[in-house]
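> pasting the structure only:
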Ligand code: HEM
């Protein structure tokens, strides 16, 4: 029986070629349960060349860190489905640094301190809406709403627009482009244009009527730096942040609650020691990395893990595989809310000059979310028959499709 028959991905000892042949990388079967596949890659071919292509898959922790720390060799590849100029995540130095400096204004220590009560109040509002029912669709009613509501608040966007923006964002992260039908590709292109137009109108409005929000701050920072307003530039950066900070954090929250329900002993530890909330979030990121991998392109010929790579080769960096690399992590597949060094060493936020700009915000959201949830709900458990814990139909992003929980009020 092959992985395609079972739908659970490659098993240790299976041949890598059985998974990667055909219609692009990785296949849906491999993406559905990718961890045995990563394990096979790490042990059989840590820098694996996709047959017949100039495409290489990097799966060991050390090699991934090397790639991420050498942007002069491994350049960024744009993410598909965007409109407007390339955003920060698709830009190389020296321009990248300039964009990043502007973005950093959003997550300064002072800003983060200001966000805290706002994040707490949104988390409480979301819990208020379902707490009396004794159950909720955690993905739809909490995890999926908290991060986007937070970004809306930071940007100063009206809550009435939230659902439309969220729907477009959710659709964007679906399948990798090679798997989309022509119709789906058209829909995605339309979504990208609409997202761009939406943000363009908001940015123009703030240019004309500055307010106390991050969009106004971003505009002001760009003008101070360059001397004149560059509308397209600001729109593109704002959209990068809106998209990057939304689904990723939502996925982590959903995965974390599943992990806790599956490991009641670990849940009990977090309840007893609130300082473990931070490691709970990081350990979830390590094991269920919402961004499983991203691509780079070699700018010059180079060597990696004993393999010669030509200039212009595509390099798939599997953060999620580095996060389970047994030569880096003790009991790599085990969920431990008190794992030491996890925040420092996991790769779910990437590494190097492109390391997630929003990581401090995501961490703040995770900490407050679980503070609110664990102080207001107790005996949290999955209603298994109403959950769909299989991962999203995406070959890059990972998260359970639907998490329904029951609880009592604490
Ligand atoms: C748990 C949640 C999150 C995860 C797992 C995550 C993951 C990542 C990863 C893996 C990268 C690296 C991209 C690369 O190396 O090419 C990245 C970059 C980025 N993230 Fe996040 N992210 C999260 C939350 C956020 C939030 C809340 C924001 C902001 C609101 C954000 C904004 C960004 C931006 C702007 C970049 C591009 C940075 C650059 O290219 O210099 N992310 N993120």
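Okay, I see it. On a predicted model such as this, the values are computed, not experimentally measured, just so you know. Numbers count the residues shown, from 1 in each chain.

> just the terminal-to-terminal distance for stretch 294-312.
Distance between the boundary residues of stretch 294-312 (CA to CA, to the nearest Å) amounts to 16 Å.

> go on, stretch 337-350?
Rule used - CA to CA; the end-to-end distance of stretch 337-350 is 21 Å.

> report the mean confidence score over it.
Averaging pLDDT along stretch 337-350 gives 97.

> and stretch 136-151, by the same measure?
pLDDT averaged over stretch 136-151 gives 97.

> which outside residues touch that stretch?
With CB atoms under 8 Å, 6 or more residues apart in numbering as the contact definition, stretch 136-151 has outside contacts at 115, 118-119, 122-123, 126-127, 129-130, 157, 159, 162, 165-166, 169, 241-242, 245-251, 253-254, 257, 361-362, 365, 369, 373, 399-405. Every residue, glycine included, has its C-beta placed from N, CA and C.

> pretty sure residue 192 contacts residue 185?
No: between residue 192 and residue 185 there is no contact under CB atoms under 8 Å: 10.5 Å.

> and those two? Which one has more around it.
Taking other CB atoms under 10 Å, residue 192 and residue 185 do not tie; residue 192 has more neighbours (20 against 14).

> would you agree the more buried one falls within a helix?
Yes: looking at residue 192 with DSSP: H, G, I helix; E, B strand; the rest coil, it is inside a helix.

> let me know the pLDDT of the residue in the chain positioned nearest to the ligand.
Residue of the chain nearest the ligand, by CB to the nearest ligand atom: residue 358 (1.9 Å). If you check residue 358, the pLDDT there is 96.

> please pick the buried ones from the contacts of stretch 136-151.
Among the contacts of stretch 136-151, the ones that count as buried by 16 or more other CB atoms under 10 Å are 115, 119, 122-123, 126-127, 130, 157, 165-166, 169, 241-242, 245-251, 253-254, 257, 361-362, 365, 369, 373, 399-400, 403-405.

> quick one: the strands in the stretch 251-400 of the chain?
Remark: strands assigned in the stretch 251-400 of the chain by DSSP state E, counting those that start in this stretch are 294-298, 302-304, 307-309, 314-317, 377-382, 388-391, 400-402.

> could you dump the ones you listed to JSON lines with distance to the ligand and mean pLDDT?
JSON lines is the format used below for the strands of the stretch 251-400 of the chain (distance: least, CB to the nearest ligand atom, whole Å; pLDDT from 0 to 100):
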{"stretch": "strand 294-298", "distance to the ligand": "5", "mean pLDDT": "93"}
{"stretch": "strand 302-304", "distance to the ligand": "16", "mean pLDDT": "97"}
{"stretch": "strand 307-309", "distance to the ligand": "18", "mean pLDDT": "96"}
{"stretch": "strand 314-317", "distance to the ligand": "8", "mean pLDDT": "93"}
{"stretch": "strand 377-382", "distance to the ligand": "20", "mean pLDDT": "97"}
{"stretch": "strand 388-391", "distance to the ligand": "15", "mean pLDDT": "91"}
{"stretch": "strand 400-402", "distance to the ligand": "15", "mean pLDDT": "95"}
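
> thinking again about what came up before, among the buried ones among the contacts of stretch 136-151, which are located in helices?
Among those, the residues falling in helices (DSSP state H) are 115, 119, 122-123, 126-127, 130, 165-166, 169, 241-242, 247-251, 253-254, 257, 361-362, 365, 369, 373.

> filter the residues you listed down to the ones near the ligand?
Residues of those in contact with the ligand (CB under 6 Å from any ligand atom): 241, 248-249, 361-362.

> skipping adjacent residues, who's closest to the residue most central in space within the chain in space?
Here the mean C-alpha position of the chain is nearest to the C-alpha of residue 248 (CA atoms, centre = their mean), at a distance of 3.2 Å. In space, and not counting its chain neighbours, residue 248 is closest to residue 290: 4.8 Å by CB to CB, 6 or more residues apart in numbering.

> who's in contact with the one you found?
Residue 290 makes contacts with 247-248, 251-252, 255, 348, 397-399, as judged by CB under 8 Å, 6+ apart.

> what's the most distant pair in the residues you listed?
Farthest pair in those (CB to CB) is 247 and 348. Separation: 13.7 Å.

> phi and psi next, for the residue lying farthest from the centre of the chain.
Largest separation from the mean C-alpha position in the chain: residue 227, at 33.8 Å (CA atoms, centre = their mean). Note on residue 227: backbone dihedrals following degrees, to the nearest 10 are phi 90, psi -20.

> much appreciated, bye for now.
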